[in-house]
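1. got a predicted structure here, sequence first:
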Amino acid sequence: MDDLAKSILIPAEIVMNKIFLIRGMKVMLDKDLAELYQVQTRNLNQAVNRNLKRFPEEDFMFQLTDDEFKNLMFQNGTSSWGGTRKLPYVFTELCKALHKSVYVS
């Protein structure tokens, strides 16, 4: 296995702890997906914005509502989310593989 492949392997427990059920879909927060890819959240979201045709809303991603975000913080026992200024985007299971191709390209 080459060095790149070794650096991509992430224990399943870490990934599973970052998946939430929102609107009946398994999703991952933009900040968590960015962390897994070892990039800044803003860079990940910019890559998505440059490739919006590949990421139709609702099928692959959506922005949390204020209530959804507050509920998520409550479930995680936190009163703040590390300087988040905007409501975060979440990405569905369908989107995670696609993200890699967009971010790498």
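-> Ah, there it is. Just so it is clear, the model here is predicted, and its values are computed rather than measured.
2. and the closest residue to residue 66 other than its chain neighbours, how many neighbours does it have?
-> Once its chain neighbours are removed from consideration, residue 66 has its nearest residue in residue 87; the separation is 6.6 Å (CB to CB, 6 or more residues apart in numbering). In short, each C-beta sits where N, CA and C put it, glycine included. Close neighbours of residue 87, defined as other CB atoms under 10 Å, add up to 12.
3. in the chain, what secondary structure element scores lowest on mean pLDDT?
-> Of the helices and strands making up the chain, the lowest-confidence element is helix 3-8, at a mean of 52, by mean pLDDT, DSSP states H and E.
4. coming back round to it: wait, the residue nearest to residue 66 touches residue 69, no?
-> Yes. Under the criterion of CB atoms under 8 Å, residue 87 is in contact with residue 69, at a separation of 5.4 Å.
5. one step back: run through who's touching the following helix or strand past the least confident helix or strand of the chain.
-> Helices and strands here follow DSSP states H and E; after helix 3-8, the next one along the chain is helix 12-16. Taking contacts as CB atoms under 8 Å, 6 or more residues apart in numbering, the residues outside helix 12-16 that touch it are residue 36.
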